[in-house]
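A.B. asks: next comes the sequence, and after it the predicted model I'd like to discuss.
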Amino acid sequence: MGAMSENETTIRKAYTIADEQDVAGWARCFNEDGTFTNESIGVTYRGRKEVGIPVRIFATAFPDMHRELQNVYVTGDVVVVELTLNGTNTGPLEVPNALIPPS
């Protein structure tokens with residue numbers, strides 16, 4: 001396995017920050033026009049004012065959430081992450097047009 005690129009190292013650090021539920025810290029990992037797409041719900045968050053939203057949503061719904069990065073693909077400035085999210089659903093989960101109660 002080759003050495004990690006700077007972009008992959010940055011992304012891995014960002015997910016550590018997300019695991020700490022540091023919404024502002026996560027947002028600082030992105031540049032002003034950076035994006036984060038939650039493919040499970042088909043929503044793209046744009047810029048530092050929005051990219052922290054999914055971390056806040058998951059911290060509310062799953063306070064003990066841990067993200068396990070399965071695969072990280074890097075091509076230039078584009079990084080794609082395949083991961084699993086593991087946690088106990090003890091809070092409401094925001095999804096587009098709904099609020100799902102804890103299960």
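C.D. replies: Perfect, I can see it now.

A.B. asks: tell me which element Thr37 is part of?
C.D. replies: According to DSSP states H and E, Thr37 maps onto strand 35-38.

A.B. asks: adjacent strands (with direction) for that strand?
C.D. replies: Sheet pairing of strand 35-38 (DSSP bridges) gives strand 43-46 (antiparallel).

A.B. asks: hey, C-alpha coordinates of the strand holding Thr37 in PDB?
C.D. replies: Output of strand 35-38 as PDB, limited to C-alpha atoms (Å, rounded to 0.1, in the frame of the first residue of the first chain):
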ATOM      1  CA  THR A  35     -19.100  20.300  -0.500                       C
ATOM      2  CA  PHE A  36     -20.300  17.200   1.500                       C
ATOM      3  CA  THR A  37     -22.800  14.900  -0.100                       C
ATOM      4  CA  ASN A  38     -24.800  12.500   2.000                       C
END
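
A.B. asks: pull stretch 66-86 out as PDB, backbone CA atoms only.
C.D. replies: Extracted in PDB, the C-alpha atoms of stretch 66-86 (Å, rounded to 0.1, in the frame of the first residue of the first chain):
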ATOM      1  CA  HIS A  66     -18.500   6.100  15.400                       C
ATOM      2  CA  ARG A  67     -17.600   6.400  11.700                       C
ATOM      3  CA  GLU A  68     -15.500   3.500  10.300                       C
ATOM      4  CA  LEU A  69     -13.900   4.400   7.000                       C
ATOM      5  CA  GLN A  70     -14.000   1.400   4.700                       C
ATOM      6  CA  ASN A  71     -12.400   2.800   1.500                       C
ATOM      7  CA  VAL A  72     -11.100   6.200   0.600                       C
ATOM      8  CA  TYR A  73     -10.700   7.100  -3.100                       C
ATOM      9  CA  VAL A  74      -8.700  10.200  -4.100                       C
ATOM     10  CA  THR A  75      -8.300  11.700  -7.500                       C
ATOM     11  CA  GLY A  76      -6.700  15.100  -7.400                       C
ATOM     12  CA  ASP A  77      -8.900  17.300  -5.200                       C
ATOM     13  CA  VAL A  78     -11.900  14.900  -5.200                       C
ATOM     14  CA  VAL A  79     -12.200  12.500  -2.300                       C
ATOM     15  CA  VAL A  80     -14.800   9.800  -2.000                       C
ATOM     16  CA  VAL A  81     -15.300   7.900   1.300                       C
ATOM     17  CA  GLU A  82     -17.100   4.700   1.800                       C
ATOM     18  CA  LEU A  83     -17.900   4.300   5.500                       C
ATOM     19  CA  THR A  84     -20.200   2.700   8.000                       C
ATOM     20  CA  LEU A  85     -21.900   4.700  10.700                       C
ATOM     21  CA  ASN A  86     -22.500   2.800  14.000                       C
END
